[in-house]
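K.L.:
Okay, structure incoming, though there's no sequence with it:
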């Protein structure tokens, strides 16, 4: 019977193979036990071999960007932005203005920028209100039937900024995607900048006038008063912002810009000036065109 013979032959081969494996295992165990009885260390096992990049999809160099599809590369790009500017911390003075910003991208991560702007402002209600600084002083003068009254502010951060010129070095460390809805995303770039420049300042002067209801009149508080760079001071600049790309040539930019400058003012009314470092935080938003 050929089939029976074939089955018997296969069984014989399987039995012989199993017996050989068993004898090999016994021999290996015997050698290990012999080494242990003789005080020898067991033979070391080979270190396992791991392949952490089996599919070779991690072979990127340091210059490979995190976002492979950069739709709006900025290297050697020129950005021209028109920005609306507003002060953020309006304690004694609130200001609004506009600025023209030009930026040239030296590389993917670095650029240089220049900004020229003008601020116009006014004293806040803390100063102007009838229950504010001026109102309290006017009430005291009227109660004393005074014909003259010193209303001038002797407080820090009461100077207004006028013209402004900035030069900055821009660092652009991150370019990514902003997912708006499941089928729509937009490219976004974050940046930091630092530099310095010069800005003009002006001071509002209040004069007592008992013939009017408020009891005072102001000068040096209108648009253009004080000139573009009158009473100019040097300042340092810190910037943090983001650019949201709309098309290849149009984007929206929003940023926080801080100007730091030093002034000398007579805070005590004794004719002696005191130094003071002022921090002016402004927010900016505007459109960017890249021709």
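P.N.:
Received the coordinates, thanks. Not measured: the values here are computed from a predicted model.
K.L.:
what helix or strand does the nearest residue to residue 289 once chain neighbours are set aside sit in?
P.N.:
Take residue 289 and drop its neighbours on the chain: the residue closest to it by Cβ to Cβ, 6 or more residues apart in numbering is residue 80, 5.2 Å away. In this view, the C-beta of every residue, glycine as well, is placed from N, C-alpha and C. Following DSSP states H and E, the helix or strand that holds residue 80 is strand 78-87.
K.L.:
quick one: strands adjacent to that strand?
P.N.:
Taking DSSP bridges as the criterion, strand 78-87 pairs within the sheet with strand 93-105 (antiparallel), strand 274-289 (antiparallel).
K.L.:
Show me the shaky parts of this protein.
P.N.:
Under the criterion of pLDDT under 70, the regions of the chain flagged as low confidence span 1-69, 182-183.
K.L.:
mind listing the strands for it?
P.N.:
Counting by DSSP state E, residue ranges of the strands within the chain are 78-87, 93-105, 110-123, 160-181, 184-202, 205-208, 216-219, 233-245, 250-265, 274-289.
K.L.:
Between strand 184-202 and the longest one, find me the angle.
P.N.:
Angle of strand 160-181 versus strand 184-202, following axes from the mean of the first three to the mean of the last three Cα atoms, to 10 degrees, is 170 degrees.
K.L.:
which of the residues in strand 160-181 are buried?
P.N.:
Of the residues in strand 160-181, those buried under the neighbour-count criterion (16 or more other Cβ atoms under 10 Å) are 160-166, 168, 170, 172, 175.
K.L.:
residues near residue 274, how many?
P.N.:
13 (other Cβ atoms under 10 Å).
K.L.:
repeat for residue 151
P.N.:
The burial count assigned to residue 151 is 19, neighbours taken as other Cβ under 10 Å.
K.L.:
before we move on, back to that, for the residue nearest to residue 289, the count of nearby residues, please.
P.N.:
Here the count is done by other Cβ under 10 Å, and residue 80 has 13 residues near it.
K.L.:
From residue 178, how far out is it?
P.N.:
Residue 80 sits 23 Å away from residue 178 when distances are taken as Cβ to Cβ, to the nearest Å.
K.L.:
With residue 136 instead?
P.N.:
49 Å.
K.L.:
So residue 133 is in contact with residue 150, correct?
P.N.:
No. No contact is recorded between residue 133 and residue 150 when judged using Cβ atoms under 8 Å, the distance being 12.0 Å.
K.L.:
These two - which one has more neighbours?
P.N.:
Applying other Cβ under 10 Å to residue 133 and residue 150 shows that residue 133 carries more neighbours, namely 20 against 12.
K.L.:
Which residue is the nearest non-sequential neighbour of that one?
P.N.:
With Cβ to Cβ, 6+ apart as the criterion, residue 133 has its nearest non-adjacent residue at 4.7 Å, and that residue is residue 127.
K.L.:
ok, now residue 227?
P.N.:
residue 200 (6.3 Å).
K.L.:
before we move on, what about residue 83?
P.N.:
Per Cβ to Cβ, 6+ apart, closest to residue 83 is residue 286, 3.6 Å.
K.L.:
and that neighbour, what is it in contact with?
P.N.:
Going by Cβ atoms under 8 Å, 6 or more residues apart in numbering, residue 286 touches 81-84, 99, 101, 252-253.
K.L.:
rerun at 6 Å
P.N.:
Residues in contact with residue 286, defined by Cβ atoms under 6 Å, 6 or more residues apart in numbering, are 81-84, 253.
K.L.:
roughly how far out does stretch 95-103 sit from the chain middle?
P.N.:
Relative to the mean C-alpha coordinate of its chain, stretch 95-103 is positioned 18 Å out (Cα atoms, centre = their mean, to the nearest Å).
K.L.:
What of stretch 168-180?
P.N.:
Average the C-alpha atoms of stretch 168-180, do the same for its chain, and the two points are 9 Å apart (Cα atoms, centre = their mean).
K.L.:
Stretch 277-285 now?
P.N.:
The chain centroid and the centroid of stretch 277-285 are separated by 14 Å, computed with Cα atoms, centre = their mean.
K.L.:
do stretch 207-216 as well
P.N.:
Offset of stretch 207-216 from its chain centre (Cα atoms, centre = their mean): 46 Å.
K.L.:
Just the buried residues of it, please?
P.N.:
Within stretch 207-216, the residues that qualify as buried by neighbour count (16+ other Cβ under 10 Å) are 208, 215-216.
K.L.:
would a markdown table of these with distance to residue 241 be doable?
P.N.:
Putting the buried residues of stretch 207-216 into a markdown table (distance: Cβ to Cβ, whole Å) gives the following:
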| residue | distance to residue 241 |
| --- | --- |
| 208 | 44 |
| 215 | 43 |
| 216 | 40 |
